[in-house]
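**Student:** pasting the sequence and the predicted model now:
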Amino acid sequence: MTKQLAIGTTSKGKAFTLPLDLITQTVAILAKRGVGKTTTGAVISEELMDAGQRICVIDPTGAHWGLKSTADGKGAAYPVVIFGGEHADAPLEKGAGEILARAVAEGDFSCIIDLSAFRKGETIQFLTSFFEEIYRLNRRPLHLVCDEADTYAPQKPMPNQLQCLGAIEDVIKKGRIRGLGATLITLRSAIINKNVLAMCEILVAMRAVHPADIAPVKEWVSVHGDPDTAKTLVASLPSLPVGAAWFYSPGWGDIFERVQVRPRRTFDSSATPKPGAKVTRPKVLAKVDMERLSAEIRATIEKAKAEDPKELRKQLAAAQAELAKERAKPIPKAPPAPAPEVRIVKVPVITDAQLKRLESLVGRIETEAKRQDENRLTYTGDMKAISSGIRESIRSIAATQTAPAAMPPPPAPKPRAPDPAPVSDDAGEAPTVDGVNKPEQRLLDAIAWLNAIGVAEPEHAAVAAFANYAMEASSFKAPRASLRNKGLIEYRRDRLVLTPAGRAVARDVDVPRTNAGLQARIMENLSLPERRLLQPLLDAYPRSMTNQDLAQTANYEVSASSYKAPRARLKALCLIEYVEDGVRARDILFPER
């Protein structure tokens with residue numbers, strides 16, 4: 001039986017559990033201060049570690065170190081490694097995000113990254129490198145518990161936060177295929193990034209009283225569920241007792257339960273000190289095998305150095321300097337050699353076949369030299385010199401010898417087969433239906449999707465974007481041409497249109513029928529600059545905005561390409577239109593109008 005994670009009890013007194021698959025899912029815990037959000041995150045961490053899984057806690061406040069001790073502080077709990085902070089097992093440097101991410105991705109330990117001693121800018125710098133590298137390298141199940149998530153995934157990011165926000169979006173949107181899951185914890189649901197929040201599969205809603213913090217919960221439930229569910233959940237938020245939470249996930253597990261989260265089994269290091277009360281400290285903390293950990297991190301650092309082009313160039317430069325130094329030394333004169341004994345030696349003639357083989361070996365050496373040169377390894381000059389020397393020796397030997405007269409001429413080379421025609425990256429996949437392969441099906445479905453939201457004849461750029469292809473890439477051009485040849489689409493100037501046969505092959509389209517649902521679906525396929533321009537236009541609809549106002553709202557200069565390029569792409573995607581006084585969101589984005 002698959003391991004179940006014991007989270008608490010339902011309102012009907014039944015045990016509430018979640019499957020172990022939670023490790024690669026995305027969870028959002030939204031609550032006000034002091035009602036149990038950190039405890040809920042700790043319970044999830046405990047259950048995953050009990051199941052032998054790895055966790056990594058991003059801890060900006062230093063509140064999670066209690067995982068190392070039992071609830072009463074008298075026994076050891078989990079041997080999590082703490083990097084940084086007052087309870088550090090190992091120090092943490094602000095520039096170590098990339099190295100630590102590599103160690104976490106490749107290691108077999110759970111850890112807490114305590115950033116409480118960092119300034120805000122240092123925290124963002126560290127987490128940008130960490131999130132980018134953990135997404136790039138991780139391939140085994142790992143759950144990130146991200147406390148105070150609104151501080152590094154905000155709704156309105158400052159310029160220095162944009163790269164970090166983009167890295168977190170990659171983890172939430174695409175991390176599952178790389179073994180990554182995440183729990184985002186925040187007490188300010190009003191200011192956490194709504195695009196990141198919308199991509200979370202599981203909502204854990206605890207007590208909230210301020211309308212600005214209730215609104216995001218209401219929006220999430222309205223988009224993902226039905227009106228009755230939203231009404232029941234939202235109405236209860238201001239009166240939920242401490243530790244009570246709604247677990248809601250219509251897409252993963254079909255969950256909708258009010259749960260009393262169980263007490264944590266580890267020390268409550270996040271508890272608020274009370275006036276006059278004695279602050280208790282645990283007497284026993286789980287010990288970490290620092291010798292093994294140090295060896296793992298050293299190996300990680302050495303591997304990173306070995307793969308770093310700068311380090312390689314440095315080592316090669318030192319080797320070349322040493323070689324030059326040795327070459328500069330005078331060569332000692334050897335004593336005169338005795339007169340050699342004269343002997344008659346029969347030297348075999350080099351045949352054409354042998355000469356051809358030697359030429360082939362030289363070619364392989366030169367090819368290897370070229371490959372190393374492309375990897376920026378500067379010793380290729382020596383390899384080329386060696387190959388030239390060998391080639392010159394071959395010619396000298398061949399020039400001094402004569403092949404037997406009876407040697408037949410070499411056979412004429414066979415004609416070379418023509419190169420195959422270029423095909424798209426995934427055009428070789430198995431066909432789906434009616435002789436249409438997967439790339440072609442994606443294009444048909446993209447056109448059908450655009451048709452369903454009101455774009456009768458979408459431009460080529462819009463179809464490419466909604467099918468996740470670059471318009472100038474062969475992976476888009478090849479299936480587009482094939483569909484035209486098969487009579488499934490037509491070109492009408494710069495637009496693509498489904499023929500009746502193509503419409504029959506295109507799959508049924510699931511288009512959200514609410515404004516919020518459709519807009520959220522579209523936002524998932526846009527880049528960050530495109531979302532920053534589209535959101536103000538959605539908020540202003542049906543009014544338009546001047547270019548000056550739109551650029552200012554999105555923190556761009558109206559004359560800069562960083563504003564003009566995403567604006568032009570949004571128009572090509574049929575999402576906005578240019579009007580006399582500026583720019584306006586298109587009516588197709590508001591199906592409820």
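**Tutor:** That came through fine. Values in this document were obtained by computation on a predicted structure and should not be read as measured data.
**Student:** what sits up against the one helix or strand residue 99 maps to?
**Tutor:** Element membership of residue 99 [criterion: DSSP states H and E] is helix 97-106. Here helix 97-106 makes contact (Cβ atoms under 8 Å, 6 or more residues apart in numbering) with 54, 56, 83, 92, 111, 113, 125-134, 137-140, 142, 296-297, 300-301, 303-304. Every residue, glycine included, has its C-beta placed from N, CA and C.
**Student:** tell me which residues in it are buried?
**Tutor:** Neighbour-count burial for helix 97-106, counted by 16 or more other Cβ atoms under 10 Å, picks out 97-105.
**Student:** what's the spacing between that helix and its chain's center?
**Tutor:** Helix 97-106 sits 14 Å away from the centroid of its parent chain (Cα atoms, centre = their mean, to the nearest Å).
**Student:** try stretch 157-171
**Tutor:** Remark: stretch 157-171 is offset 12 Å from the chain centroid, using Cα atoms, centre = their mean.
**Student:** hmm, who's touching that stretch?
**Tutor:** With contact meaning Cβ under 8 Å, 6+ apart, stretch 157-171 is reached by 121, 124, 127-128, 131-132, 134-135, 144, 146, 152-154, 180, 182, 193, 195-196, 199, 528, 555.
**Student:** return the helix or strand in the chain with minimum mean pLDDT.
**Tutor:** helix 380-399 (a mean of 54; mean pLDDT, DSSP states H and E).
**Student:** helices and strands around the helix or strand following it, which ones?
**Tutor:** Scanning forward in sequence from helix 380-399 by DSSP H and E, the next helix or strand is helix 438-452. Helices and strands touching helix 438-452, by 3 or more Cβ pairs under 8 Å, 6 or more residues apart in numbering; DSSP states H and E, are helix 460-466, helix 474-485, strand 489-492, strand 495-498, helix 500-505.
**Student:** report the inter-axis angle for helix 438-452 versus helix 474-485.
**Tutor:** 80 degrees (axes from the mean of the first three to the mean of the last three Cα atoms, to 10 degrees).
**Student:** and helix 438-452, C-alpha only, in PDB?
**Tutor:** What follows is helix 438-452, C-alpha atoms only, in PDB (Å, rounded to 0.1, in the frame of the first residue of the first chain):
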ATOM      1  CA  LYS A 438       1.900  15.100 -32.700                       C
ATOM      2  CA  PRO A 439       3.400  18.400 -33.900                       C
ATOM      3  CA  GLU A 440       0.700  18.700 -36.600                       C
ATOM      4  CA  GLN A 441      -2.000  17.900 -33.900                       C
ATOM      5  CA  ARG A 442      -0.600  20.700 -31.700                       C
ATOM      6  CA  LEU A 443      -1.000  23.200 -34.500                       C
ATOM      7  CA  LEU A 444      -4.500  22.100 -35.300                       C
ATOM      8  CA  ASP A 445      -5.500  22.200 -31.600                       C
ATOM      9  CA  ALA A 446      -3.900  25.700 -31.200                       C
ATOM     10  CA  ILE A 447      -6.000  27.000 -34.200                       C
ATOM     11  CA  ALA A 448      -9.100  25.400 -32.700                       C
ATOM     12  CA  TRP A 449      -8.400  27.000 -29.300                       C
ATOM     13  CA  LEU A 450      -8.000  30.400 -30.800                       C
ATOM     14  CA  ASN A 451     -11.200  29.900 -32.800                       C
ATOM     15  CA  ALA A 452     -13.000  28.900 -29.600                       C
END
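**Student:** give me the contact list for that helix.
**Tutor:** Helix 438-452 has contacts (Cβ under 8 Å, 6+ apart) with 424, 426-427, 429-430, 432-433, 436, 458, 462-463, 466-469, 475-476, 478-480, 482-483, 488-489, 496-498, 502-503, 505-507, 509, 511, 574.
**Student:** now the buried members of those.
**Tutor:** If you count burial by 16+ other Cβ under 10 Å, the buried members of the contacts of helix 438-452 come out as 424, 427, 436, 458, 462-463, 466-467, 469, 475-476, 478-480, 482-483, 488-489, 496, 498, 502, 505-506, 511, 574.
**Student:** got the phi/psi numbers for residue 180?
**Tutor:** Main-chain dihedrals, residue 180, degrees, to the nearest 10: phi -100, psi 130.
**Student:** would you agree it is in contact with residue 144?
**Tutor:** Yes. Counting by Cβ atoms under 8 Å, residue 144 is a contact partner of residue 180 at 6.7 Å.
**Student:** give the residues shared as contacts by the two.
**Tutor:** Residues touching both residue 180 and residue 144 (Cβ under 8 Å, 6+ apart): 134, 171.
**Student:** in stretch 159-173, which residues are buried?
**Tutor:** Taking 16+ other Cβ under 10 Å as the criterion, stretch 159-173 shows 161-165, 167-172 as buried.
**Student:** using PDB, list the CA coordinates for that stretch.
**Tutor:** Coordinates of each C-alpha in stretch 159-173 appear next as PDB, following Å, rounded to 0.1, in the frame of the first residue of the first chain:
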ATOM      1  CA  PRO A 159      13.600  45.200 -10.800                       C
ATOM      2  CA  ASN A 160      16.100  43.100  -8.600                       C
ATOM      3  CA  GLN A 161      13.300  40.600  -7.900                       C
ATOM      4  CA  LEU A 162      12.300  39.800 -11.500                       C
ATOM      5  CA  GLN A 163      14.900  37.100 -12.100                       C
ATOM      6  CA  CYS A 164      14.100  35.400  -8.800                       C
ATOM      7  CA  LEU A 165      10.400  35.500  -9.500                       C
ATOM      8  CA  GLY A 166      11.000  33.900 -13.000                       C
ATOM      9  CA  ALA A 167      13.100  31.100 -11.300                       C
ATOM     10  CA  ILE A 168      10.300  30.400  -8.800                       C
ATOM     11  CA  GLU A 169       7.700  30.300 -11.600                       C
ATOM     12  CA  ASP A 170       9.800  27.600 -13.400                       C
ATOM     13  CA  VAL A 171       9.900  25.500 -10.200                       C
ATOM     14  CA  ILE A 172       6.100  25.800  -9.700                       C
ATOM     15  CA  LYS A 173       5.100  25.500 -13.300                       C
END
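**Student:** so the nearest residue to residue 24 once chain neighbours are set aside bridges to which residues?
**Tutor:** Closest residue in space to residue 24, ignoring its immediate chain neighbours: residue 181 at 4.2 Å, by Cβ to Cβ, 6 or more residues apart in numbering. With DSSP bridges applied, residue 181 shows beta-bridge pairing to residue 143.
**Student:** in this structure residue 181 contacts residue 140, no?
**Tutor:** No. Under the criterion of Cβ under 8 Å, residue 181 is not in contact with residue 140, lying 11.7 Å apart.
**Student:** neighbour count: these two, which is higher?
**Tutor:** Using other Cβ atoms under 10 Å, the more surrounded residue of residue 181 and residue 140 is residue 181, with 25 against 13.
**Student:** what sits against the more buried one?
**Tutor:** Residues in contact with residue 181, defined by Cβ under 8 Å, 6+ apart, are 22-27, 141-144, 175.
**Student:** Throw those residues into JSON lines and include pLDDT, thanks.
**Tutor:** JSON lines is the format used below for these (pLDDT from 0 to 100):
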{"residue": "22", "pLDDT": "95"}
{"residue": "23", "pLDDT": "96"}
{"residue": "24", "pLDDT": "95"}
{"residue": "25", "pLDDT": "95"}
{"residue": "26", "pLDDT": "96"}
{"residue": "27", "pLDDT": "97"}
{"residue": "141", "pLDDT": "96"}
{"residue": "142", "pLDDT": "97"}
{"residue": "143", "pLDDT": "97"}
{"residue": "144", "pLDDT": "98"}
{"residue": "175", "pLDDT": "93"}
